[in-house]
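Colleague: Following is a predicted model, sequence given first.
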Amino acid sequence: NVLSQGETPPMDDNGHGTHASGIAAADTDNRIGIAGTAPKCKLMPIKALDADGRGDIFNVALGIVWAVDHGAKVLNLSLGGPDGKTLRRAVEYALMKNVVVVAAMGNSGKNEKAYPAALPGVISVGSVGNERVKSDFSQYGNWISVAAPGEEIMSTMPTYESTMSRLEFKNKGYDYLDGTSMACPIVAGIAALVLSRNPDYTPAEVKERIQSTATDLGKAGFDPEYGHGLVNAAKAVL
């Protein structure tokens, strides 16, 4: 269930969500840990997957609708799965209600669609490393919007035991992870910054702003590996 419809304090028994959340919005200028992309923005943590990071698209769709109905302005979906009418309708509902939807391209390294990244109107995010080259694992295709750093990203982890600390030997508190799941919340944070400056922007205008201010990578212009290029937060906001 989705946080028992919002009543249960959300505990991250996996670790992945806490890591993505820190990238998007960890507090900054406090000499602790890391700096999030949009540190003044509030998080609305919604649990739709189990301790192994698995679940069904129906619960993800429920989570999307719950977030929209409770005032979320940007959705970070560091997840992917098969297409489905329920998920499509949830994403369409979010966009119709002026909520920005940001999703990870996926980590198979192939030219194959993952959803919701491949749905219309979604800001779909691929990953690059320090050399600004597409990560080997990053999925690609003509539905990609932009790329963001997704290799060896340091961020917050649960301070208590989680699946990642137990099975993947990740540290409690802070650790590194790789994935389009890490690139995605960088862009969600930038979307929040853009909305902070331009509160009347529609999801389409936020997407266009992030794409048009990106630094071109790969072949000149749009390409299926990098989309419109590497996100540039300063340009997007200023």
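Modeller: It's in.

Colleague: what about stretch 105-112, start to end distance?
Modeller: One end of stretch 105-112 sits 9 Å from the other (Cα to Cα, to the nearest Å).

Colleague: Now find how far off-centre that stretch is within its chain.
Modeller: Going by Cα atoms, centre = their mean, to the nearest Å, the spacing between the C-alpha centre of stretch 105-112 and its chain's C-alpha centre is 15 Å.

Colleague: List the buried residues for it?
Modeller: For stretch 105-112, the buried set under the neighbour-count rule, 16 or more other Cβ atoms under 10 Å, comprises M105, G106, N107. Placement of C-beta: from N, CA and C, glycine included.

Colleague: Keep only those of those that are in strands.
Modeller: Per DSSP state E, strands hold no members of the buried residues of stretch 105-112.

Colleague: confidence score at W66?
Modeller: According to the per-residue confidence, W66 scores 96 in pLDDT.

Colleague: got it, and the one 4 residues further on?
Modeller: Each residue has a pLDDT score; the one for H70 is 97.

Colleague: now it: how far from P116?
Modeller: When distance is defined by Cβ to Cβ, to the nearest Å, H70 is 19 Å away from P116.

Colleague: and these two? which has more neighbours close in?
Modeller: Neighbours per residue, other Cβ atoms under 10 Å: of H70 and P116, the larger number sits with P116, 28 against 11.

Colleague: Low-confidence regions, the chain specifically.
Modeller: 1-7 (pLDDT under 70).

Colleague: longest single helix anywhere in it?
Modeller: For the chain, the helix reaching the highest residue count under DSSP state H is reported as helix 180-197.

Colleague: Can you name the next helix or strand after that one?
Modeller: Past helix 180-197, heading to the C-terminal end, the next element that is a helix or strand (DSSP states H and E) is helix 203-212.

Colleague: tell me the angle of that next one relative to helix 180-197?
Modeller: In this structure, helix 203-212 runs at an angle of 110 degrees to helix 180-197, with axes from the mean of the first three to the mean of the last three Cα atoms, to 10 degrees as the basis.

Colleague: what comes into contact with helix 203-212?
Modeller: Outside of helix 203-212, the residues that reach it under the criterion Cβ atoms under 8 Å, 6 or more residues apart in numbering are 94-95, 98-101, 121, 123, 145-146, 187, 190-191, 194-195, 198, 201, 227-228, 231, 236.

Colleague: Quick one: list the elements packing against the helix or strand containing M154.
Modeller: Taking DSSP H and E as the definition, M154 sits inside strand 153-156. Counting by 3 or more Cβ pairs under 8 Å, 6 or more residues apart in numbering; DSSP states H and E, the packing neighbours recorded for strand 153-156 are helix 16-25, strand 174-177.

Colleague: In ChimeraX, select just the buried ones from the contacts of helix 203-212.
Modeller: In ChimeraX syntax, the buried subset of these is picked out as below (16+ other Cβ under 10 Å):
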select :94,95,98,99,100,101,121,123,145,146,187,190,191,194,195,201,227,228,231,236
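
Colleague: ok, the closest residue to S127 other than its chain neighbours - contacts?
Modeller: For S127, ignoring the flanking residues on the chain, the nearest one in space by Cβ to Cβ, 6 or more residues apart in numbering is G150 at 2.8 Å. Applying Cβ under 8 Å, 6+ apart, we find G150 in contact with G126, S127, V128, G129, S135, S138, D178, G179, T180, S181, M182, A183.

Colleague: quick check, nearest of these to N76?
Modeller: For the contacts of G150, the closest approach to N76 (Cβ to Cβ) belongs to S181, at 9.2 Å.
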